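Asker: Make a model of this:
(one chain, ligands or ions: 1)
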Amino acid sequence: MKFDPASEIQDLLMFGEFGDVNPSITDSSTYTFLNPATMQEIFSHEIEGCFLYSRHWNPINKYLCRALAAMESTEAAQVTASGMSAISSAILQLCNTGDEVIASWTIYGGTYAFLKNFLPKFGIQTHFIDLANSDAIKRVLNRKTKVIYTESISNPLLEVADVPRLSRFANEHGLTLVIDNTFSPMILSPARLGAHVVAHSMTKFINGTSDCVAGCICSSQQFVEQLTDINAGATMLLGPVLDSLRAASILKNLHSLHIRMQQHSANALLLARRLHELGIKVHYPGLPSHRNHELMKQLINPGLGFGGMVAIDVGDESKANALMTKMQEEKVGYLAVSLGYFKTLFSAPSSSTSSEIPEDLQKLMGLSRGMIRLSVGIDNDMERSIARMEKCLKAIGLF
Ligand code: PLP
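Answerer: Predicted structure coming up:
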């Protein structure tokens, strides 16, 4: 069924304190009560329109959560101070000591490190596998498994998760399917495809201006209540609260996300096609040569393209480094980690954002030291940017 996340957000009317078109920014850590009984009551359950303390909830964060839940088609959402705190809070809420996670082996390096190096301290083990291989999932599944974790489009190899298939498997075995949708906000709606929890690093496309770090968790009302529970909630007790000034600016940026995603996608497709024609090894799910192209066509919401991320493999690390240096000199964009910025950003994941993943596993999953990940910007004249990039490729002798 056709789903348009942008229209869902557009239909939310949020009136500020004085009828302002943007909801007022809450500039307070704590809130007054007219009587002690209400203060006592709020410790046992939420009271509509009543706030206790900003780490628990605050009005502007609630507004942003409403918009994110509308975008992801979930009952509720919680915002956090980073993508990592969204992911770690969700997993820690779902898993107890002795539980296990099955995770895709192609995920963001920070998430890999959290699952691999941090969670074992609490007796939580993770199996990293190729989630496209159903037999591999069955091999590691056992009574302790609680969570299947993957990214909708993986960082950095841009593999597309078959969310409906993973969801069916999770439901059959009583598992929670957690999807990081950072690379494809609005383009993919994992909750509509069967995911139980959707996380984002809002640092990236959702905010789009690379001026803050933020995250969110979109899920059922029940799960968000668990996360924010005063006595046992991960976001309440670990405390990764999103600052209200940031929440306000992200909420405003969210309203232009569909336009930005369209432009990121159009530019990325143009670039991917051209590089492919030049004989460069390109990973982009919008190209028919990508192994998940047909799957992605089935899963995406219409009109937003295949996303702004492109990965190329130029053979070895020294060529990758030379090319990135040249691309920055020629103003193709910035040599920088992160993504979703209005300008093009590029980095070599093997030695940066995926360096937490051991080299043998990098090899196994097809991540070479010559790979460059590009977050394609919303350049108005992409032909001009591509011409600059071609000049750089030529200078390094890549075609
Ligand atoms: N998920 C993905 C796919 C990412 O690429 C990143 C960061 O690069 C994160 C999560 C972590 O987000 P943050 O840096 O906002 O904590």
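Asker: For stretch 299-319, what is the distance to the chain centroid?
Answerer: Centroid separation between stretch 299-319 and its chain, computed with Cα atoms, centre = their mean, to the nearest Å, is 15 Å.
Asker: Is it positioned near the ligand?
Answerer: No. Figure legend: stretch 299-319 not in contact with the ligand (Cβ under 6 Å from any ligand atom); closest approach 9.5 Å. For the C-beta atoms, the positions are set from N, CA and C on the backbone; glycine is no exception.
Asker: dump the residue contacts of H173.
Answerer: L141, T145 (Cβ atoms under 8 Å, 6 or more residues apart in numbering).
Asker: Contacts made by the helix or strand hosting Q40 with the rest, please.
Answerer: Q40 is part of helix 36-42 when elements are defined by DSSP states H and E. Residues outside helix 36-42 that contact it (Cβ under 8 Å, 6+ apart): F33, I47, C50, L52.
Asker: which element follows it toward the C-terminus?
Answerer: Following helix 36-42 toward the C-terminus (DSSP H and E): helix 59-72.
Asker: Just give me the residue right at the centre of the chain.
Answerer: T182 (1.6 Å; Cα atoms, centre = their mean).
Asker: Distance-wise, check it relative to I378.
Answerer: Using Cβ to Cβ, to the nearest Å, T182 is found at 17 Å from I378.
Asker: Repeat that for G19.
Answerer: G19 is 32 Å from I378, by Cβ to Cβ.
Asker: Those two - which one has more neighbours?
Answerer: Using other Cβ atoms under 10 Å as the criterion, G19 and I378 rank with I378 on top: 21 against 6.
Asker: Could you find the closest non-adjacent residue to the more buried one?
Answerer: Q263 (4.1 Å; Cβ to Cβ, 6 or more residues apart in numbering).
Asker: where's the one you found, which helix or strand?
Answerer: Assigned by DSSP H and E, Q263 falls in helix 257-277.
Asker: interface residues of the stretch 201-350 of the chain facing the ligand?
Answerer: Counting by Cβ under 6 Å from any ligand atom, the stretch 201-350 of the chain sits next to the ligand at S201, T203, V213, G215, S338.
Asker: isn't there a helix covering L251?
Answerer: Yes. Under DSSP: H, G, I helix; E, B strand; the rest coil, L251 sits within a helix.
Asker: Would you mind confirming that it is in contact with P23?
Answerer: Yes. Here L251 reaches P23: they are 7.4 Å apart, a contact under Cβ atoms under 8 Å.
Asker: More neighbours: which of these two?
Answerer: A direct count of neighbours by other Cβ under 10 Å for L251 and P23 places L251 higher, at 25 against 19.
Asker: residues in contact with the more buried one?
Answerer: So L251 contacts N22, P23, I60, Y63, L64, A67 (Cβ under 8 Å, 6+ apart).
Asker: From G19, how far off is it?
Answerer: 17 Å.
Asker: hang on, isn't N142 packed against G98?
Answerer: No. Contact criterion Cβ under 8 Å: N142 and G98 do not qualify, at 11.2 Å.
Asker: Show me the domain layout of the chain.
Answerer: Using automatic domain parsing, the domain parsing of the chain gives 5-254, 257-395.
Asker: Output those domains as JSON lines; include the columns mean pLDDT.
Answerer: Output for these, formatted as JSON lines (pLDDT from 0 to 100):
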{"stretch": "domain 5-254", "mean pLDDT": "97"}
{"stretch": "domain 257-395", "mean pLDDT": "97"}
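Asker: Is I102 part of a helix or strand, or is it coil?
Answerer: Per three-state DSSP, I102 ends up strand.
Asker: can you tell me which residues contact it?
Answerer: T126, H127, I129, L131, I137, V140, L141, T145, V147, I148, Y149, L175.
Asker: Residue in this protein with the shortest distance to the ligand?
Answerer: The ligand sits closest to G83 of the chain, with a gap of 2.4 Å, by Cβ to the nearest ligand atom.
Asker: which ones are touching that residue?
Answerer: D180, T182, A199, H200, S201, M202, T203, K204, V213, A214, G215.
Asker: buried subset of the contacts of L251?
Answerer: With burial judged by 16 or more other Cβ atoms under 10 Å, the buried subset of those is P23, I60, Y63, L64, A67.
Asker: Out of those, the closest to S189 would be?
Answerer: Each of the buried ones among the contacts of L251 was checked against S189 using Cβ to Cβ; the closest is A67, at 14.3 Å.
Asker: before we move on, back to that, any figure for the gap between the residue nearest to the centre of the chain and R139?
Answerer: In terms of Cβ to Cβ, T182 sits 28 Å off from R139.
Asker: quick one, strands of the protein?
Answerer: Assignment of strands within the chain using DSSP state E yields the ranges 76-80, 100-104, 125-129, 145-151, 176-180, 197-201, 215-219, 281-283, 309-313, 334-335, 345-347, 371-375.
Asker: Does the last one reach the ligand?
Answerer: No. If you take Cβ under 6 Å from any ligand atom as the test, strand 371-375 misses the ligand, and the best it gets is 9.5 Å.
Asker: okay, the angle between that strand and helix 257-277?
Answerer: Inter-element angle recorded for strand 371-375 and helix 257-277: 150 degrees (by axes from the mean of the first three to the mean of the last three Cα atoms, to 10 degrees).
Asker: List the pairing partners of strand 371-375 within its sheet, with orientation.
Answerer: strand 309-313 (antiparallel), strand 345-347 (antiparallel) (DSSP bridges).
Asker: again, but for the third one
Answerer: Sheet pairing of strand 125-129 (DSSP bridges) gives strand 100-104 (parallel).
Asker: How far does the partner strand sit from its chain's centre?
Answerer: For strand 100-104, the distance to the chain centre is 17 Å (Cα atoms, centre = their mean).
Asker: quick one on the thing from earlier: got the contacts of helix 36-42 as a markdown table, with neighbour count and distance to A395 columns?
Answerer: Listed next are the contacts of helix 36-42 as a markdown table, based on neighbours: other Cβ atoms under 10 Å; distance: Cβ to Cβ, whole Å:
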| residue | neighbour count | distance to A395 |
| --- | --- | --- |
| F33 | 14 | 66 |
| I47 | 11 | 64 |
| C50 | 13 | 62 |
| L52 | 18 | 59 |
